[in-house]
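In: what follows is a predicted protein model with its sequence.
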Amino acid sequence: HGKRGYTLPVIRNIIFDWSGTLVDDLPAVWEATNYVLTQARRPEMTLEKFRAEFCLPFTIFYDRHVPHVALPQLETWYHTRFKQIQDSVRELPHAREFLEFCRNRRLRAFLLSSVRRDHFAAQSASTGFGRYLEKAYCEVRDKRKIIHEILEEHRLKPGETMFVGDMEHDIETARHGGIHSCAVLTGYNTVEQLRAAKPDLIVEHLGELRQILEQHNRHPG
């Protein structure tokens, strides 16, 4: 689904989010966040409530729910628990095929994510996804702050570049960078939340986006 009147140009560069876009870490993140909440003497969240409440930058989420606890302590609790369960993180359906599509069609692929470097290293090693990415930008709390830097560093033309992510913040980042945006429904935000962010495209999964790009890169417009 795209914006009314939106015409997709030839896309030559893809910037990916990680969590909820290429890998499914939602169960592990949800469990680790509930561990933080219990340590801070706050009630746990159902998965539905967590998806409705969680946002990026994640400091906004913590400020809202555990303002009485310092961020370093929250991060210690979170990462201690997450390391114990991150083996549950799996690649999402269609992600590998989409990365192969990018490689075969010579689309440049990058990562822009809030995921910690050590967690990304472990997950990219287990999935093998790291080798498909030209460069990975990790531990970025506010992606809007470095999107222009990425475009300039790699000489990416905004009109040929798309950011693919599963959260409102990803769509806001694409808009801030003047690039195209695609929301996938395989992660954290619901379709209602993503529609409100007004991305250029919304797809069920990366398999659908691959079909769209195959068609439009062959016959622009």
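Out: Good, I have the coordinates.

In: only C-alpha atoms from now on, for both contacts and neighbour counts.
Out: Noted.

In: how much space separates the residue of the chain most remote from its centre from Ser124?
Out: Relative to the centre of the chain, and counting by C-alpha atoms, centre = their mean, the farthest-placed residue is Arg41 at 29.3 Å. Separation of Arg41 from Ser124 (C-alpha to C-alpha, to the nearest Å) stands at 34 Å.

In: before we move on, what about Ala183?
Out: Distance, Ala183 to Ser124, using C-alpha to C-alpha: 22 Å.

In: more neighbours, these two?
Out: Ranked by neighbour count (other C-alpha atoms under 10 Å), Ala183 and Ser124 place Ala183 first, with 31 against 18.

In: report the secondary structure state of the more buried one.
Out: strand (DSSP: H, G, I helix; E, B strand; the rest coil).

In: could you find the closest non-adjacent residue to it?
Out: Of all residues beyond its chain neighbours, the one nearest Ala183 is Ile202 (4.7 Å), with distances taken as C-alpha to C-alpha, 6 or more residues apart in numbering.

In: got phi/psi on the one you found?
Out: phi -130, psi 130 (degrees, to the nearest 10).

In: tell me how many other residues crowd it.
Out: By other C-alpha under 10 Å, neighbour count at Ile202 equals 23.

In: CA-only coordinates of whatever helix or strand Gln84 lives in in CSV, if you can.
Out: For Gln84, the element it lies in under DSSP states H and E is helix 71-85. C-alpha atoms of helix 71-85 as CSV (Å, rounded to 0.1, in the frame of the first residue of the first chain):
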residue,chain,number,x,y,z
LEU,A,71,19.3,5.1,32.7
PRO,A,72,22.6,3.3,33.4
GLN,A,73,20.8,1.1,35.9
LEU,A,74,18.0,0.4,33.5
GLU,A,75,20.4,-0.6,30.8
THR,A,76,22.3,-2.9,33.1
TRP,A,77,19.1,-4.7,34.1
TYR,A,78,18.0,-4.9,30.5
HIS,A,79,21.2,-6.2,28.9
THR,A,80,21.8,-8.6,31.7
ARG,A,81,18.5,-10.3,31.0
PHE,A,82,18.7,-9.9,27.2
LYS,A,83,22.0,-11.7,26.9
GLN,A,84,20.5,-14.7,28.7
ILE,A,85,17.7,-15.0,26.1
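
In: next structured bit after that helix?
Out: Criterion used, DSSP H and E; the element after helix 71-85 is strand 90-91.

In: walk me through which strands that next one pairs with, and which way each runs.
Out: strand 23-24 (antiparallel) (DSSP bridges).

In: distance from the chain centre to the partner strand, please.
Out: Taking C-alpha atoms, centre = their mean, to the nearest Å, one finds the center of strand 23-24 at 10 Å from the center of the full chain.

In: pLDDT of that strand, averaged?
Out: Strand 23-24 carries an average pLDDT of 98.

In: does anything pack onto the next helix or strand after that strand? Which helices or strands?
Out: Following strand 23-24 in sequence order, the next helix or strand is helix 26-39 (DSSP H and E). If contacts are counted by 3 or more C-alpha pairs under 8 Å, 6 or more residues apart in numbering; DSSP states H and E, helix 26-39 sits against helix 71-85.

In: tell me the buried residues in the helix it packs on?
Out: For helix 71-85, burial by neighbour count (16 or more other C-alpha atoms under 10 Å) applies to Leu74, Trp77, Tyr78, His79, Arg81, Phe82, Ile85.

In: so how far is Arg117 from Cys138?
Out: Counting by C-alpha to C-alpha - Cys138 and Arg117 are separated by 6 Å.
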